[in-house]
Each structure stands twice: as structure tokens, then as C-alpha cells.
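Asks: predicted model and sequence below, questions to follow.
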Amino acid sequence: ETGVTQSPTHLIKTRGQQVTLRCSSQSGHNTVSWYQQALGQGPQFIFQYYREEENGRGNFPPRFSGLQFPNYSSELNVNALELDDSALYLCASRKNGQINYGYTFGSGTRLTVV
Amino acid sequence: KQEVTQIPAALSVPEGENLVLNCSFTDSAIYNLQWFRQDPGKGLTSLLLIQSSQREQTSGRLNASLDKSSGRSTLYIAASQPGDSATYLCAVEIQGAQKLVFGQGTRLTINP
């Protein structure tokens, strides 16, 4: 079975620009979550999608938005980029409700805002 | 609000030693606790998951324990090897919200 794949692996953007990050969930997984990991910190929950709707959100402003598609893949969009948005963005997937199984994470997208 | 703390922040030991990493959390209303490994600049690799009803899980040289009532978990690594060098993160899944709350990690260095 394929794991979680994220693209691109690295990205450099200018402050004020917009960015879209992409994630393909592991086969059979219908829930996708996004996390932001600043350097030297633990990941922070951004939001989660199930059945193409956001069903959980962390403490992030509205300029962080997302989508989930019928094939369960997902996008994270960030508008009006700020320098503090520089981080590793991680995508995780799981089959909804299967709390006895852990989340599977992708390798991440390293975003640098200059 | 759930808070997860990992101590120590960094640890350096000689090869072959057994070691323990610690994780504490403030709210016992969790579904499970998961330990991850992260190599520099990479994603997270799941090591062990302990369900809230369990006390421990083992995989090879790794053993993780969970004491939900005291809000503590430990990750025991036996006979450490240089390849074990990485950052180790623990995370709890909060009841009623399918999201993980992470600690800041322990950066482990195993010296040959």
C-alpha cells in the first residue's frame, strides 16, 4: 500500500504571496490532517478534513484554508504569507474513527518565506 | 487545554546504553498516545501507539509505557545504536477531537 505523499518537497515564496501544498492520503484513508512544525518545535494542528469538509481546526487564522477532494487527497492554501509561516508542513491520514490505529504522516513540505 | 511536555530536550549517550525518554500530559481524556521518530528535515515515522486502555507496547528494542492516571509515558530504548540518533516526539490524541497534541521532542544523539 502506498503511504502519504506530499508535494512539493521544498518551496520558497515571498512575503504576501499565496501558496498551495498538496497531499495524497494513504490508500484506504479518508481523513486528512495538516500540521505546521516550526524549527525546533513539535507539530501544531492546523485542521482536519473528512468527507470533503473541515471537521476540526486549530488556532490558525482564516488565511490558512484547505480542500479535500473525492479521492481523499487534500490541499493546504495559505494566503498573504508572513515570515513566520516558514515551517515544515506535514500531512497525516487515517481512516475516520479508527482511534486504535495511528496516523500516517508524509515527509512534509519545507516552506521558506523571504 | 492539553499540554504535552518532553524531558529532556536533548540527550547524548554512548553506543550500547539503555535509555529512557519521558513524556507527560496534563489531561487524561485521551484516546491513545503515539511515539514518533523524526530525522532532520524529514517527516514523522510512527514507532509505537498505546491505546488508552493499554499499559505498554513493544517493538524490537523499543518499549513504551503509559500511565494515564498520572499523565506519563516513557519510551525505553535498549542497546542504543548510532542509527537511533534522531528527534523523538510523543503525541496524544484528545478525546472528542481527532487531533494530535505533540510535545516539543527529545533530540537524541548516540555516540559511537
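Replies: Arrived safely, thanks for sending.
Asks: on the three-state scheme, the most centrally placed residue in chain A is what?
Replies: When C-alpha atoms, centre = their mean is applied to chain A, the residue found nearest the centroid is A:Trp34 (3.0 Å). Using DSSP: H, G, I helix; E, B strand; the rest coil, the secondary structure recorded for A:Trp34 is strand.
Asks: from memory it sits against A:Glu54, does it?
Replies: No. Taking C-beta atoms under 8 Å as the definition, A:Trp34 is not a contact partner of A:Glu54, at 10.3 Å. Placement of C-beta: from N, CA and C, glycine included.
Asks: residues contacting the residue nearest to B:Ser28 when sequence neighbours are not counted?
Replies: The shortest distance from B:Ser28 to any residue other than its chain neighbours is 4.9 Å, reached at B:Lys68 (C-beta to C-beta, 6 or more residues apart in numbering or on different chains). Residues in contact with B:Lys68, defined by C-beta atoms under 8 Å, 6 or more residues apart in numbering or on different chains, are B:28, B:30, B:52.
Asks: again, 10 Å this time
Replies: Applying C-beta atoms under 10 Å, 6 or more residues apart in numbering or on different chains to B:Lys68 gives the contacts B:25, B:28-30, B:33, B:50, B:52-55, B:92.
Asks: pull out the buried residues from these.
Replies: B:25, B:30, B:33, B:50, B:52, B:92 (16 or more other C-beta atoms under 10 Å in any protein chain shown).
Asks: assign a three-state SS to B:Gly83, would you?
Replies: Taken by three-state DSSP, the conformation at B:Gly83 corresponds to helix.
Asks: I'd say it and B:Thr109 touch.
Replies: No. Counting by C-beta atoms under 10 Å, B:Thr109 is not a contact partner of B:Gly83; they are 11.7 Å apart.
Asks: show me which of the two is the more surrounded one.
Replies: Higher neighbour count among B:Gly83 and B:Thr109: B:Thr109, with 13 against 8, using other C-beta atoms under 10 Å in any protein chain shown.
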